[in-house]
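Colleague: Here's a sequence, model it:
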Amino acid sequence: MSKPKVFVTRAISEKGFELINDFCDVDLWMDDLPPSREDLLQRVRGVDGLLCLLTDRIDGQVMDASGQQLKVISNFAVGFDNIDINSATARKIPVGNTPDVLTDATADFAFALILSVGRRLMEGERYVRNGQWKTWGPMLLLGIEMKGATLGLVGFGRIGKAVARRAMGFDMRVIYYSPHEKKPDPDINATRVDFETLLEEADIISLHTPLTTETRHLIDSEAISKMKPTVVLINSSRGSVVDLDALYEALKFNRIFGAGLDVTEPEPLPLDSPLLTLDNIVIMPHIASASKTARDKMSWMAAKNLIAGLEGITCQIVSIHRCINDLLTQGLRPCMSKLFFYNFLSLT
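Modeller: Sure, this is the predicted structure:
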């Protein structure tokens, strides 16, 4: 019996790739850069399954180029804004993602950005390397005290809550904005507020919201104008949540203290971006989930989602609540006659 044919758009860790390779006939894109649109449309032709990354735009054209035999799309990411879920639903193609497994790695990294920007670590490191360190000075590179600061979280899902738990160790006051929350988490000492209150009261704002039509450029010039001039802005969600032109103006004229970005719009950030001329910003190459533990788990879950879809399995009770919440967030109505394997997002 022939193995199902799949296209994997980038090399992933052995933890998951070995599962795929044993079960499937694998066409693996070996380049470090993602396949071009033309290459993607060509390589998906005739495949039964597709394992893609957030850098791959998977829309109805890609699904149709594959053919009617396409059984599953597995996304190697917690987000899924790179996939047209409505098009997948219309074609009855299940779509999987990899939630939970990168929660701690991303929360750790968000806090690393908070400390790096708030205590001006990157500026200090450049100060030393550039030979500017001559003596100790009482006013040298003054930063923000973490203890007692108000941390404002935009989005209070798994990652937002993990950041809140870390903030407890710094004796921070935690507030959050989460319009879709059904009931508060009693285990976390955090207060729900409206968006405007969060902007006005937070000393540190950390973004943990999915990218939707409502959250695109949520942080724009108007939102920034309501923030404290001493605020630190952190984004480890999606680059398009922040209007980078507005952010540049605010940082250039010191309307806010500083910013830390793990994600940008576009990615990678062009070398001629004016943001790269500023000292009061830290920009990372989208590596918040880049711990070996997290990436191994992502690889394994993406592989399991792919194989489950190829086998026609879209049911496992452990994650139905996660899937339904994601569907509702996307404005889709879940099919209650089915349970979902790991985390399938489309309606099949």
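
Colleague: The stretch 51-200 of the chain: strands as residue ranges?
Modeller: Assigned by DSSP state E, counting those that start in this stretch, the strands in the stretch 51-200 of the chain fall at 72-75, 95-96, 150-154, 173-177, 191-192.

Colleague: and what of the stretch 201-348 of the chain?
Modeller: Ranges of strands within the stretch 201-348 of the chain are 204-207, 232-235, 258-261, 281-283, based on DSSP E, counting those that start in this stretch.

Colleague: Could you export those to JSON lines, including columns for distance to Leu102 and mean pLDDT?
Modeller: For the C-beta atoms, the positions are set from N, CA and C on the backbone; glycine is no exception. Formatted as JSON lines, the strands of the stretch 201-348 of the chain follow (distance: least, CB to CB, whole Å; pLDDT from 0 to 100):
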{"stretch": "strand 204-207", "distance to Leu102": "16", "mean pLDDT": "98"}
{"stretch": "strand 232-235", "distance to Leu102": "16", "mean pLDDT": "98"}
{"stretch": "strand 258-261", "distance to Leu102": "18", "mean pLDDT": "98"}
{"stretch": "strand 281-283", "distance to Leu102": "20", "mean pLDDT": "98"}
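
Colleague: For the stretch 51-200 of the chain, which segments are assigned as helices?
Modeller: 60-66, 85-90, 103-118, 121-129, 158-168, 195-201 (DSSP state H, counting those that start in this stretch).

Colleague: So which elements touch the last one?
Modeller: With contacts defined as 3 or more CB pairs under 8 Å, 6 or more residues apart in numbering; DSSP states H and E, helix 195-201 has these neighbours: strand 150-154, strand 173-177.

Colleague: so which of those strands is the most packed in?
Modeller: Comparing these by mean neighbour count (mean count of other CB atoms under 10 Å), strand 150-154 ranks first with a mean of 25.

Colleague: quick check: angle from that strand to helix 103-118?
Modeller: 130 degrees (axes from the mean of the first three to the mean of the last three CA atoms, to 10 degrees).

Colleague: average pLDDT for strand 150-154?
Modeller: The average pLDDT for strand 150-154 rounds to 98.

Colleague: Listing partners with orientation, what would you give for it?
Modeller: Sheet pairing of strand 150-154 (DSSP bridges) gives strand 173-177 (parallel), strand 204-207 (parallel).

Colleague: Show the secondary-structure elements that the lengthiest helix in the chain is packed against.
Modeller: Identified as the longest helix of the chain according to DSSP state H is helix 292-310. Judged by 3+ CB pairs under 8 Å, 6+ apart, helix 292-310 is in contact with helix 14-23, strand 49-52, strand 72-75, strand 95-96, helix 103-118.

Colleague: Run through the helices of the stretch 201-348 of the chain in chain order.
Modeller: For the stretch 201-348 of the chain, the helices defined by DSSP H, counting those that start in this stretch occupy 221-225, 244-252, 292-310, 320-329.

Colleague: rewinding a little: could you take the helices of the stretch 51-200 of the chain and lay them out as CSV, with extra columns for mean neighbour count and distance to Arg255?
Modeller: Shown next, in CSV, are those (neighbours: other CB atoms under 10 Å; distance: least, CB to CB, whole Å):
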stretch, mean neighbour count, distance to Arg255
helix 60-66, 18, 42
helix 85-90, 19, 37
helix 103-118, 22, 15
helix 121-129, 13, 18
helix 158-168, 22, 24
helix 195-201, 17, 13
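
Colleague: so can I have JSON lines of those showing distance to Ala308?
Modeller: Shown next, in JSON lines, are those (distance: least, CB to CB, whole Å):
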{"stretch": "helix 60-66", "distance to Ala308": "18"}
{"stretch": "helix 85-90", "distance to Ala308": "15"}
{"stretch": "helix 103-118", "distance to Ala308": "22"}
{"stretch": "helix 121-129", "distance to Ala308": "43"}
{"stretch": "helix 158-168", "distance to Ala308": "22"}
{"stretch": "helix 195-201", "distance to Ala308": "38"}
